[in-house]
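**Q** okay, predicted coordinates and the sequence, questions at the end:
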Amino acid sequence: MSSEIKVLYITNHSEQTIKSKPDNFAYYVKSMMSNKHIDLCLLKPSSFAERRGISNTISIVKAIRRINPDILYLGNLTGLNKLVFFKRIGLLRCKIVVWKYTYCKEYKNPLKDWITKFFYWKGIDRIYMMFDNHTSHAISHHIVDEHQIVTLSRGAEVEWYSRYLQLQKDSFLVMATGKDSRDYKTLSEACEQTGTDCVIITRRHESNVKVAESYKNSRYVKFIFMEDLNIANEYEYIMEQQGISIGYTL
């Protein structure tokens, strides 16, 4: 009997890409690759892109059944929610482990809420939450059982990031990255009022563009939109900018 646990990770990233990035990039899958007790498999959902809607999901379910993993490991549920339903009706036998950044959804309609909890939330064996308040909300509202969910903050692979660190003795700069769920307005106000240099690397979401417009003449605050750079590797670009600019970026 094999002592290995077969883990299937659904991702469009290649093994080479995952290994070239810090461990937290692909939710610590890189560490799993070097664990002799884990048989890690990758499944690329984009390979089924020619199929639409439920046909696409069924194709993925068939692929999962062929691989027959012990654990289906998901970085998020976006676009993969139906897999949980297929597990609940018995078409998938594996455990499902998923990372989640937001509150667990609930509904005011009692019937809809019960159906969601029974056919969806109960189908997930373990949810790794980023924040304690999201975890406590899910438990206190009886969305999931306590054994299903835990707060697990993502740590950094220090060895990978250390190559970008350059200590700056004579200046200090705030470097901020992220997309639409960031309060860049407050950050910009704070840096403007304190005279602190700040570089924000983000995308052209409406709220970000509005803040950038307000600070376009600022001496301290600078916005860089990824869409304007036309570069091949955005992740490496961000890390290089952070390494050049500040002492600690973890």
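**A** On my side now, so go ahead.

**Q** for this protein, what spans make up the strands?
**A** Counting by DSSP state E, the chain has strands at residues 5-10, 38-43, 71-74, 95-100, 126-129, 149-151, 173-177, 197-202, 221-225.

**Q** could you dump the ones you listed into TSV with distance to residue 115 and mean pLDDT added?
**A** C-betas here are computed from N, CA, C, even on glycine. Conversion of the strands of the chain to TSV gives the following (distance: least, C-beta to C-beta, whole Å; pLDDT from 0 to 100):
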stretch	distance to residue 115	mean pLDDT
strand 5-10	25	96
strand 38-43	28	96
strand 71-74	21	96
strand 95-100	18	96
strand 126-129	19	95
strand 149-151	20	95
strand 173-177	39	81
strand 197-202	38	90
strand 221-225	41	93
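
**Q** which of those sits most buried?
**A** Per residue and on average, the most neighbours among those fall to strand 71-74, with a mean of 22 (mean count of other C-beta atoms under 10 Å).

**Q** need the contact partners of it.
**A** With contact meaning C-beta atoms under 8 Å, 6 or more residues apart in numbering, strand 71-74 is reached by 5-10, 27, 29, 64, 80, 83, 92, 94-99.

**Q** how deep is residue 132 tucked in, by neighbour count?
**A** Other residues within reach of residue 132, judged by other C-beta atoms under 10 Å, total 11.

**Q** need the contact list for the closest residue to it other than its chain neighbours.
**A** Nearest residue to residue 132 in three dimensions, chain neighbours excluded: residue 151, at 5.0 Å (C-beta to C-beta, 6 or more residues apart in numbering). Residues near residue 151 by C-beta under 8 Å, 6+ apart: 128-132, 134-135.
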